[in-house]
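In: model this:
(one chain, ligands or ions: 2)
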Amino acid sequence: MAPSSAYSEGSAGDAAGGVAKRGPQKSADGKFIGRRKVKPKQLAIINDACTGCSGSPVCQLYCPVDDCMLLRPASDAIPFGRIWVDPLKCVGCRKCVTRGPQDIFLEGCPWAAIDMIPTGEWETEHGELPY
Ligand code: SF4
Ligand code: SF4
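Out: Ligands and ions are numbered 1, 2, ... in the order given. Next comes the predicted model:
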């Protein structure tokens, strides 16, 4: 069965109906905001190992894109919920999964709760992302 709908997870995106301004823009704290021009080859997704870091997700600190990683309630991750990655904002930079030699934790998720998947694989399951 074909994917029923494309991206529908609540990104601000172009929801206002206007034409989104594209290209790199930065917020006051230096994070990228808005969408990137080029569709990334891979996207970060969160697996069931995410604990929400007791309400203070460390992954959010490393993600360079504003509001890309959002902590949301999850019925199987009470009380802190689980991170959700906005697929329209993720640039596939891998900073949230960065590890050093021999898998030593450097930065990013310490619980291996983030997987990088090909963007095409994401779109096969959820529908084409509306760039
Ligand atoms: S891959 Fe980069 S942009 Fe995507 S969620 Fe991880 S840190 Fe953020
Ligand atoms: S993805 Fe990893 S770092 Fe981010 S909240 Fe979940 S467990 Fe913590």
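
In: ok, now which ones touch residue 92?
Out: 40, 41, 42, 43, 44, 116, 119 (CB atoms under 8 Å, 6 or more residues apart in numbering). Yep, even glycine has a C-beta here, placed from its N, CA and C like the rest.

In: Next, the nearest residue to the first one once chain neighbours are set aside: secondary structure please.
Out: Among residues not flanking residue 40 along the chain, residue 92 sits closest, at 3.3 Å (CB to CB, 6 or more residues apart in numbering). Judged by DSSP: H, G, I helix; E, B strand; the rest coil, the three-state class of residue 92 is coil.

In: which parts of stretch 55-63 are buried?
Out: Using 16 or more other CB atoms under 10 Å as the test for burial, stretch 55-63 gives 57, 59, 62, 63.

In: quick revisit: if I look at the residue nearest to residue 40, how far off is residue 38?
Out: Distance, residue 92 to residue 38, by CB to CB, to the nearest Å: 10 Å.

In: any chance of the buried residues of stretch 55-63 in CSV, with distance to ligand 2 and pLDDT too?
Out: Formatted as CSV, the buried residues of stretch 55-63 follow (distance: CB to the nearest ligand atom, whole Å; pLDDT from 0 to 100):
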residue, distance to ligand 2, pLDDT
57, 3, 94
59, 3, 92
62, 9, 87
63, 9, 92
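
In: Which members of these are positioned in helices?
Out: 59, 62 (DSSP state H).

In: shouldn't residue 73 be in contact with residue 81?
Out: Yes - using CB atoms under 8 Å, residue 73 is in contact with residue 81, at 4.6 Å.

In: Same drill for the two, tell me which one is more crowded.
Out: residue 81 (19 against 11; other CB atoms under 10 Å).
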